[in-house]
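In: Structure, please.
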Amino acid sequence: MPKLPQPTTDTSTPDVLDQLANIQPDSVLAALRAQRPDVARYTQGSYDALLAPADLGGVSLIERELVALRVATLNDNAPLTAHYRQRLEELQVPAAIIEAVGHFPAPTELTPRTIAMLGHVDLLTNEPRAATQAQIAALQASGLSERDIVTLAQLIAFLSYQVRVLVGLQLLAEEK
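Out: Numbers count the residues shown, from 1 in each chain. Just a heads-up that it's a prediction; the model follows:
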């Protein structure tokens with residue numbers, strides 16, 4: 001499968017959030033973001049490290065993108081949903097799998113491992129306090145190592161942050 005191009009962390013080019021919020025380089029919002037270049041750089045760096053790392057560990061690129069799509073879907077964030085859907089299409093993931101993420105937990109052709117991962121996404125996104133050792137055990141039973149489970153939690157946390165930042169940028173863009 002083709003590997004997705006890695007986004008740049010160069011602050012002179014738009015990052016993923018700039019692109020998704022349609023922030024033009026000469027806009028007031030771009031100037032506002034430029035006041036805190038470290039935030040944009042670290043956010044983009046986290047995106048790169050979690051979604052296209054040099055070492056995938058036990059969580060594949062496709063699994064990472066499926067998790068991202070699920071978080072975007074749960075948060076009803078159209079730009080992020082479209083972004084992660086496109087990334088999955090670029091990875092040549094079958095349309096049925098992509099659609100299954102949007103209709104989860106409806107019966108699907110997803111693997112038991114993917115079902116366990118997406119179930120954990122739903123839990124941590126909707127009710128993080130409800131997570132128990134039993135859910136961790138279910139992830140382990142589906143083949144995820146401790147490192148993979150930590151990666152999954154990091155992905156979910158980052159993606160939830162990404163959703164909120166994008167919503168904030170969109171609200172600021174509307175105010176101008």
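
In: Select the longest helix from the protein.
Out: helix 146-175 (DSSP state H).

In: Quick one: distance of that one to the chain centre.
Out: 7 Å (CA atoms, centre = their mean, to the nearest Å).

In: Now do that helix: which elements does it pack against?
Out: helix 16-20, helix 28-34, helix 37-51, helix 61-74, helix 78-90, helix 112-126, helix 133-141 (3 or more CB pairs under 8 Å, 6 or more residues apart in numbering; DSSP states H and E). Heads up, the C-betas are built off the backbone N, CA and C, glycines and all.

In: what's the most buried one of these?
Out: Between the helices and strands packed on helix 146-175, helix 61-74 has the highest mean count of neighbours, a mean of 23, where neighbours are mean count of other CB atoms under 10 Å.

In: on that earlier part again, which parts of the longest helix of the chain are buried?
Out: The neighbour-count check on helix 146-175 (16 or more other CB atoms under 10 Å) flags 148-149, 151-153, 155-160, 162-163, 165-166, 169-170 as buried.

In: Next, the angle helix 133-141 makes with it.
Out: Relative orientation of helix 146-175 with respect to helix 133-141: 110 degrees, computed using axes from the mean of the first three to the mean of the last three CA atoms, to 10 degrees.

In: angle of helix 146-175 against helix 37-51?
Out: For helix 146-175 against helix 37-51, the angle by the same axes, to 10 degrees is 140 degrees.

In: So residue 167 versus residue 77, what's the distance?
Out: 7 Å (CB to CB, to the nearest Å).

In: which stretches of the chain have low pLDDT?
Out: Where the chain drops to pLDDT under 70, the residues are 1-14, 176.
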